[in-house]
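Undergrad: any chance you can model this:
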Amino acid sequence: MSTPQSKTGGQVLVDRLIRHGIEDLFLIPGIQLDWAVDALRQRPDEISLFIPRHEQTTTYMADGYYRATGRTGAAMVVPGPGALNAGAGLSTAYASNSKVLFVTGQIHSTGLGKGLGLLHEIKDQTGFVKGLTKWSHLAGSPEDIAPSVDAAFARLEAGRPRPVGLEIPHDFLSSKVEGEPRAVTQDAPPAEAPDAGLYDRAAALLDAARLPVIYAGGGVLSADAGGPLRELAEKLGAPVVMSDNGRGAISDAHPLGMNALAGRAVFQHADVVLVVGSRFIDALTPTPSWPAGTIRYIYINIDADDLTAPRTAEVAIRADAAQGLRELGARVKKRTALSNEDARRVKDWASAQIEQVEPQASYVRALRDAMPEDAIFVNELTQVGYLARIAFPVFAPRTYIGPGYQGTLGYGFPVALGAAVGGRGKRVVSITGDGGFGWNMQELATARRYRLPVTLVVFNDGHYGNVRAIQKREFGAEVAVELTNPDFRLLASAFGVPYVQADSPEALFGAVRAANDEPGPVLVEVKLGVVPSPWHLLRLQPMKGMTGPAAPANPLGEPR
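TA: You can find the predicted model right below:
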């Protein structure tokens, strides 16, 4: 036991988490965490615990928590298999630029690196954690716990948002720490301010452009830069094309707010493009999302790696998105590069193509119409979800969550649970396929236990639908894609979760709207057959091999 003059390492850890503003913690307890978990037990009014049914869900929930709120999500698991299980959620958080604090136990400090076969020992856990975080640290002593946590939070707040990792041997958590632990106030190097001349050059390019276009990525959301983005766009009269991660940077209801499909039309006429807060890289090949050609590019990114080849930048500015957009907004001249009428024509052109993909377009429309405007939508890798990347209207930041470049099947439902915790009562609508839902269907228990307001829509076609479609297209045959599913009505009943079957867009609308009044989770099953591919419409350029009906003529005319 600790004395008034001392604390256990576990108590020091919990104290530091609370001091840094952690109010909710996603964890699964185990023997190497016992002293930390007991310290959490002692402070129930200051930090709430959420215990899912699988370790991967701890990091998924932390990811969803951050993406719905902008507040750091925190996850804690035992070492070895616990840390490895949590790796899926950690890799998704890394790909999606999420502030996640990942705390994992370690084996006894005197056994590290010796291969003695201690419980939960793996050969190089430190290297594994390092590979999925932007910064990680193995505590070197009980006294190192407090400064390690301080350093972790300093790193979380510096530069590009990404997870950080902290490993603590279990004997450090049970050891006594005498006196007040020393603090670390700054452990991350400050970023250098960009040369003002770069902003002047960028502003001159935008002012001289015939049609400037702004491409907004997830960095705009991370920086809470929606206001400066909208002000710059309105001052220039420039369309804003949003990446998958950037959805909600400005409202889709804004005349200048455009999805990636509409972006095809304006990019064909653009002569200067400002890329802000985006990697701007194709999904499958190491090439830019749109080739240079006659376009001159300006890049603003907080990560220096995203300003270099294979991108070609006329002006490259390393800066936070909000800072960069404000600087440019103060420098450019007011004008109207694209009229609201022309912008409407572009958006109608994109919508007309989306409406041809049925029944997915009707299901997406039913979801949007049934949801409150401020509800949080978590999109998955499923046939309806693919079209939703461009077809689902997003009206506010942090109300749309996608899979990021990791594309982790099954991520959506557990991420939605974390978003619901952070949303503090906001309805969360999570769509998934029957394949992806199989990864984490046990988390119905978590949704029910904590009465989380999640409407889970499972589109059930009995297959790994997208894999099946690719096999059919490429090889004319299919293999290893058929699924044996449970009776979803009985599954929901077993967990005490209300269930609805909805086999039409109209029925889905009614089920989702009715679920808005439920205090906890609802499972909605939608049975689907084979549906047409939407892939020819996704992204600025269609993925290689993805073809569909010929697009109508560019609403802005032939490119110059």
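Undergrad: for burial, what's the neighbour tally of Ile122?
TA: 14 (other CB atoms under 10 Å). (C-beta placed from N, C-alpha, C; glycine too.)
Undergrad: that one against Gly80, yeah?
TA: Yes - between Ile122 and Gly80 there is a contact at 4.9 Å, judged by CB atoms under 8 Å.
Undergrad: now do the SS call for Tyr386.
TA: helix (DSSP: H, G, I helix; E, B strand; the rest coil).
Undergrad: any idea how far Gln268 is from it?
TA: 23 Å (CB to CB, to the nearest Å).
Undergrad: the more surrounded of those two?
TA: Tyr386 (22 against 17).
Undergrad: read off the pLDDT value for that one.
TA: The model reports Tyr386 with a pLDDT of 96.
Undergrad: just give the number of residues close to the nearest residue to it once chain neighbours are set aside.
TA: Spatially, and ignoring its direct neighbours in sequence, Tyr386 is nearest to Pro534 (5.2 Å; CB to CB, 6 or more residues apart in numbering). Per other CB under 10 Å, the neighbour tally for Pro534 reads 26.
Undergrad: I'd assumed Pro359 was in contact with Pro534.
TA: No - Pro534 lies out of contact with Pro359 (CB under 8 Å); the separation is 11.4 Å.
Undergrad: list the helices and strands the worst-scoring helix or strand of the chain on mean pLDDT packs on?
TA: Every helix and strand in the chain was compared by mean pLDDT, DSSP states H and E; the lowest is helix 465-475, with a mean of 90. The elements that helix 465-475 packs onto, with contact taken as 3 or more CB pairs under 8 Å, 6 or more residues apart in numbering; DSSP states H and E, are helix 383-391.
Undergrad: after the helix it packs on comes which helix or strand?
TA: Downstream of helix 383-391, the first helix or strand assigned by DSSP states H and E is strand 400-401.
Undergrad: chain center to that next one, what's the gap?
TA: Distance, stretch centre to chain centre, for strand 400-401: 7 Å (CA atoms, centre = their mean, to the nearest Å).
Undergrad: could you dump the following helix or strand past it to PDB, C-alpha only?
TA: Later in the chain than strand 400-401, the nearest helix or strand by DSSP H and E is helix 412-423. Output of helix 412-423 as PDB, limited to C-alpha atoms (Å, rounded to 0.1, in the frame of the first residue of the first chain):
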ATOM      1  CA  GLY A 412     -16.800   0.600 -38.300                       C
ATOM      2  CA  PHE A 413     -19.000  -0.800 -35.500                       C
ATOM      3  CA  PRO A 414     -16.300  -0.600 -32.700                       C
ATOM      4  CA  VAL A 415     -15.300   2.900 -33.900                       C
ATOM      5  CA  ALA A 416     -18.900   3.900 -33.800                       C
ATOM      6  CA  LEU A 417     -19.100   2.900 -30.100                       C
ATOM      7  CA  GLY A 418     -16.200   5.200 -29.300                       C
ATOM      8  CA  ALA A 419     -17.800   8.000 -31.200                       C
ATOM      9  CA  ALA A 420     -21.000   7.400 -29.200                       C
ATOM     10  CA  VAL A 421     -19.100   7.700 -25.900                       C
ATOM     11  CA  GLY A 422     -17.500  11.000 -27.100                       C
ATOM     12  CA  GLY A 423     -20.700  12.200 -28.600                       C
END
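Undergrad: next SSE downstream of helix 412-423?
TA: Past helix 412-423, the next helix or strand by DSSP H and E is strand 428-433.
Undergrad: what does that following strand contact?
TA: Strand 428-433 has contacts (CB atoms under 8 Å, 6 or more residues apart in numbering) with 68, 367, 371, 375-385, 388, 410, 412-413, 415-416, 419-420, 452-461, 464-465, 512.
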